[in-house]
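**Student:** here are the coordinates; sequence isn't available:
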């Protein structure tokens with residue numbers, strides 16, 4: 001923890017680098033990914049403060065849209081799309097995902113009921129894949145596509161898609177190599193960027 005504190009002290013001594021950020025934000029991209037500490041959107045994309053609007057959830061899950069039951073996730077998507085006017089949304093899954101791996105293996109999550117109940121939002125069919133694959137690549141690919149489909153159920157996203165004012169992207173990040181693959185619908189596969 002001390003290393004983080006020391007860095008934060010040094011970081012705050014450069015106000016001239018950040019003064020323009022006080023005027024507001026206008027990111028072009030909503031980046032949805034897992035809360036996993038090995039997944040760092042700014043590091044993966046090379047972005048600077050103000051360039052990405054991030055939504056990080058356990059497993060990178062986009063919960064179903066529900067008008068009568070607002071969530072922080074739905075509010076984040078809606079704000080990014082309607083208020084900030086992002087033009088692109090990236091759903092980025094990652095290798096060695098504990099959440100998706102848990103679904104593939106059918107782990108008993110009764111000791112962590114909030115996690116168990118949250119993961120129930122992952123996909124209607126769970127996360128099919130090979131339990132013997134520690135990277136759970138195939139399952140994460142399917143999970144990313146399920147979250148992209150889920151995003152389409154959000155009215156703000158659906159309207160912008162209909163008007164060609166927003167684009168959805170599925171990415172897969174390999175934590176063990178740093179490689180990023182993007183879903184290509186014409187090939188129905190994740191390929192190198």
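**Tutor:** Done, it's in. Small disclaimer: the values here were computed from a predicted structure and weren't measured. Residues are numbered from 1 along each chain as shown.

**Student:** and residue 75, its phi and psi?
**Tutor:** Listed backbone geometry of residue 75 is phi -60, psi -40, with angles given as degrees, to the nearest 10.

**Student:** give me the neighbour count for it.
**Tutor:** Burial of residue 75 is recorded as 11 neighbouring residues (other Cβ atoms under 10 Å). For every residue, glycine as well, the C-beta is placed using N, CA and C.

**Student:** one more: residue 66?
**Tutor:** Neighbours of residue 66 using other Cβ under 10 Å come to 10.

**Student:** now for it: which residues touch it?
**Tutor:** For residue 66, the set of contacting residues under the criterion of Cβ atoms under 8 Å, 6 or more residues apart in numbering consists of residue 74.

**Student:** can you check the one 5 residues further on too?
**Tutor:** For residue 71, the contacting residues are residue 63, by Cβ under 8 Å, 6+ apart.

**Student:** from residue 78, how far out is it?
**Tutor:** Noted for residue 71: a distance of 10 Å to residue 78, by Cβ to Cβ, to the nearest Å.

**Student:** how about residue 3, what does it touch?
**Tutor:** Applying Cβ under 8 Å, 6+ apart to residue 3 gives no contacts.

**Student:** immediately after the helix or strand hosting it, which helix or strand?
**Tutor:** Here residue 3 sits within helix 2-11, counting by DSSP states H and E. Toward the C-terminus, helix 2-11 is succeeded by strand 29-34 as the next helix or strand (DSSP H and E).

**Student:** show me what that following strand is packed up against.
**Tutor:** Applying 3 or more Cβ pairs under 8 Å, 6 or more residues apart in numbering; DSSP states H and E, one finds that strand 29-34 contacts helix 41-45, strand 52-57, helix 72-78, strand 88-94.

**Student:** list of residues touching that strand?
**Tutor:** 39, 41, 45, 47, 51-60, 62, 76-77, 80-81, 84, 86-94, 97, 99, 147, 173.

**Student:** give me that answer again for 7 Å
**Tutor:** When contacts are taken as Cβ atoms under 7 Å, 6 or more residues apart in numbering, the neighbours of strand 29-34 outside the stretch itself are 39, 41, 52-56, 58-60, 62, 77, 80, 86, 88-92, 94, 97, 99.

**Student:** now those residues: which count as buried?
**Tutor:** Burial of the contacts of strand 29-34 was assessed by neighbour count (16 or more other Cβ atoms under 10 Å); the buried members are 39, 41, 52-53, 55, 58-60, 62, 77, 80, 86, 89-92, 94, 97, 99.

**Student:** if you average pLDDT over stretch 121-130, what comes out?
**Tutor:** Throughout stretch 121-130, pLDDT has a mean value of 64.

**Student:** what do you get for stretch 101-110?
**Tutor:** For stretch 101-110, the per-residue pLDDT values average out at 92.

**Student:** top helix in the protein by residue count?
**Tutor:** Longest helix in the chain by number of residues, with DSSP state H as the criterion: helix 137-151.
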